[in-house]
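# Using only what follows, build the 3D model:
(chains A and B)
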Amino acid sequence: MKNLFFFFLFSISLQFYGQISDFEHIDFKKADSIANVYKDEDLNNLTNLAYSLSENLDTDIERFRAIYKWVCENIANDYSLYHKNKRKRERFKDDSLKLQSWNVSFRKKLFKKLLKRQRTICTGYAYVLKELANAIDIECEIVQGFARVSTTDIENLTLPNHSWNAVKLNEKWYLCDPTWASGIPNPETNRFQFKYNDGFFMAEPSLLAINHFPVEEKWWQLNVTPPTFNSFLNGPILYGDAFEILERHISPEKMHQDISKNEMIEFQYQLRNLVEKDEISLLLYNGTTSWTTKPSSVSIDNRLLNLKQVFQHSGFYDVHLYIQNRLIATYTVKVGD
Amino acid sequence: MIMKTLIQKHNLKSILFIGLMFIGFLNFTSALTEKKITNMITKLQQTKTIKGVVSNEDGPLPGADVLLKGSRIGTVTDKNGAFTFPKPLKINDVLEFKYLGYEAKEVIIKENTQFIEVTLDEAKIEMIGALNSGKPYKSKRKN
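As a prediction, this is how the structure comes out:
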């Protein structure tokens, strides 16, 4: 009941934000091709770059799009910097003076690398996007907070670990995550690989809130209680592809479910585009074996996707949802006797 | 009746006199204001070449952007952090100083501005980053 209450508040709080569907009538082809034309530009003159990217576009959303696309396709995520920062921040987390002095020296190193080699970590992406947008009078801010992915050690998630952006267009705030839009580690080499994900551009706020928790309450909505940090930590795991395929994740709200044998779990999502029923599958893993299965039942009604899965055998399952062979979400299910 | 006409005539003269004086005064003051305005306009229109140097906490800062606010007219500082602005500037023009990772600063050109010295301060941002991952989640299991 309490969760339902939070979910309800949460839904109200997010109405203040807009999402990509507000711009359905806009074709971003021109903005995207301009971003591509300036591929070899560097960061030595941000204002000039911002002007070059935006001067032939008619609307603020297109101008912002060209800048955003340029950032996502030209700034690389530097994993060695990321790991080094993570290690040091964890080491100094109880020593605020050392943490602060590390932050200062690291920041210097990071901006040098960003300027010379166009490599950075999240805050660098968010910073460049903000500076470029501000240079052409578009209001854009850095949002600092917590992010949660499949590999996050949530038991030790005590310091903010991620930065993304809020941008104001037509009197509405929109949320973007240029870092996650730019690419992910190559599964084999574990090195960063550019692979643009459009789902993080003007992301659906309730979807983004599943794995992004801002430090400052103002990035939720004033006068409304934001979801608790605990409920954020206990939510399902969403993958990058979810942002291209889903518009909303409706249920289950928690990652973990405790059920009895032969009981059923219901999953509900709002899709961005239509998909076929046979493009939906679950990958189950019980600790020893993993297998792919079709859900016990699937229904799609006006882009509302309903899945039901019955668990006939006791055990502890990792349940991965795949749509069009793309990994969308993970839940865990404990089936008792 | 005759008395009344006389008074009226007299009044009319004084009014005329005061009126003429007033117009004269107006002309005089407006001539003064006009001169002042012309002077001011000439001053505002006068342009001059601005030079300067940009530094950070370590000393002169090469490669910093120097821009005329609201335009893309500008230059970057040389290896000594120095610049000569490419366009002559007027009073009340605003120069912007920017460098990646530093707070931007603005300087308004005043009557006596010739040489600008600007020190940029670091942007106080905490640098953090979480990687996204496409790796499927795996529960920790007790064996």
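# per-domain residue ranges of chain B.
B:1-45, B:51-119 (automatic domain parsing).
# So which of the ones you listed is the most surrounded?
Per-stretch averages of neighbours, counted by mean count of other Cβ atoms under 10 Å in any protein chain shown, single out domain B:51-119 among the domains of chain B, with a mean of 16. Where C-beta positions appear, they are placed from N, C-alpha and C, glycine not excepted.
# hmm, back to that, out of the domains of chain B, which gets nearest to residue A:179?
Closest approach to residue A:179 among these (Cβ to Cβ): domain B:51-119, 17.1 Å.
# Can you get me the start-to-end distance on the closest one?
15 Å (Cα to Cα, to the nearest Å).
# and it, how far out from the chain's middle?
Here domain B:51-119 is found 13 Å from its chain centre; the criterion is Cα atoms, centre = their mean, to the nearest Å.
# So that domain, near chain A or not?
Yes. Using Cβ under 8 Å from any Cβ of the partner chain, domain B:51-119 reaches chain A at B:63, B:65, B:67, B:72, B:74, B:76, B:96, B:98, B:100, B:101.
# my read: the last one touches residue A:111, true?
Right, the one you point to is residue B:101. Yes. Using Cβ atoms under 8 Å, residue B:101 makes contact with residue A:111 at a distance of 3.2 Å.
# Run through the helices of the stretch 151-300 of chain A in chain order.
For the stretch 151-300 of chain A, the helices defined by DSSP state H, counting those that start in this stretch cover A:178-182, A:205-211, A:229-233, A:242-245.
# tell me the pLDDT at the residue nearest to residue A:181 when sequence neighbours are not counted?
Nearest non-adjacent residue to residue A:181, counting by Cβ to Cβ, 6 or more residues apart in numbering or on different chains: residue A:200, 3.9 Å away. Residue A:200 is assigned 96 on the pLDDT scale.
# what does residue A:85 give?
Confidence score, pLDDT, at residue A:85: 88.
# next one: residue A:22
For residue A:22, pLDDT reads 85.
# my read is it is in a strand, agree?
No. Read with DSSP: H, G, I helix; E, B strand; the rest coil, residue A:22 is helix and lies in no strand.
# thought it was touching residue A:172?
Yes. Between residue A:22 and residue A:172 there is a contact under Cβ under 8 Å: 7.2 Å.
# now the residue positioned nearest the centre of chain B: how far from chain A?
The centre of chain B sits closest to residue B:92, judged by Cα atoms, centre = their mean, with a distance of 3.5 Å. Distance, residue B:92 to chain A, using Cβ to the nearest Cβ, to the nearest Å: 20 Å.
# quick one: buried residues of stretch A:48-63?
Using 16 or more other Cβ atoms under 10 Å in any protein chain shown as the test for burial, stretch A:48-63 gives A:48, A:49, A:50, A:51, A:52, A:53, A:54, A:57, A:60, A:61, A:62, A:63.
# Just the element for the third one, please.
Counting by DSSP states H and E, the element that carries residue A:50 is helix A:46-54.
# What are the buried residues along the helix or strand where residue A:309 lies?
In the assignment (DSSP H and E), residue A:309 maps to strand A:304-310. For strand A:304-310, a neighbour-count test (16+ other Cβ under 10 Å) marks A:305, A:306, A:307, A:309 as buried.
# Which residues are in contact with the closest residue to residue A:248 other than its chain neighbours?
With sequence-adjacent residues excluded and distances taken as Cβ to Cβ, 6+ apart, residue A:248 is closest to residue A:270, at 3.9 Å. Residues in contact with residue A:270 (Cβ atoms under 8 Å, 6 or more residues apart in numbering or on different chains) are A:246, A:247, A:248, A:250, A:303, A:304, A:305.
# State the phi and psi torsions of residue 66.
Using chain A. Phi and psi for residue A:66, reported as degrees, to the nearest 10, are phi -60, psi -40.
# Counting neighbours, what do you get for it?
Residue A:66 has 28 neighbouring residues, counting by other Cβ atoms under 10 Å in any protein chain shown.
# That one reaches residue A:57, doesn't it?
Yes. Here residue A:66 lies in contact with residue A:57, judged by Cβ under 8 Å, at a distance of 6.1 Å.
# what residues are shared contacts of those two?
Joint contacts of residue A:66 and residue A:57 (Cβ under 8 Å, 6+ apart) are A:31, A:34.
# residue boundaries of the strands in the stretch 51-200 of chain A?
Under the criterion DSSP state E, counting those that start in this stretch, strands of the stretch 51-200 of chain A are mapped to A:76-77, A:119-120, A:140-147, A:162-169, A:172-176, A:183-185, A:192-194.
# could those go into a markdown table alongside distance to residue A:220 and mean neighbour count?
Formatted as a markdown table, the strands of the stretch 51-200 of chain A follow (distance: least, Cβ to Cβ, whole Å; neighbours: other Cβ atoms under 10 Å in any protein chain shown):
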| stretch | distance to residue A:220 | mean neighbour count |
| --- | --- | --- |
| strand A:76-77 | 27 | 22 |
| strand A:119-120 | 27 | 22 |
| strand A:140-147 | 11 | 20 |
| strand A:162-169 | 11 | 23 |
| strand A:172-176 | 11 | 21 |
| strand A:183-185 | 27 | 20 |
| strand A:192-194 | 31 | 16 |
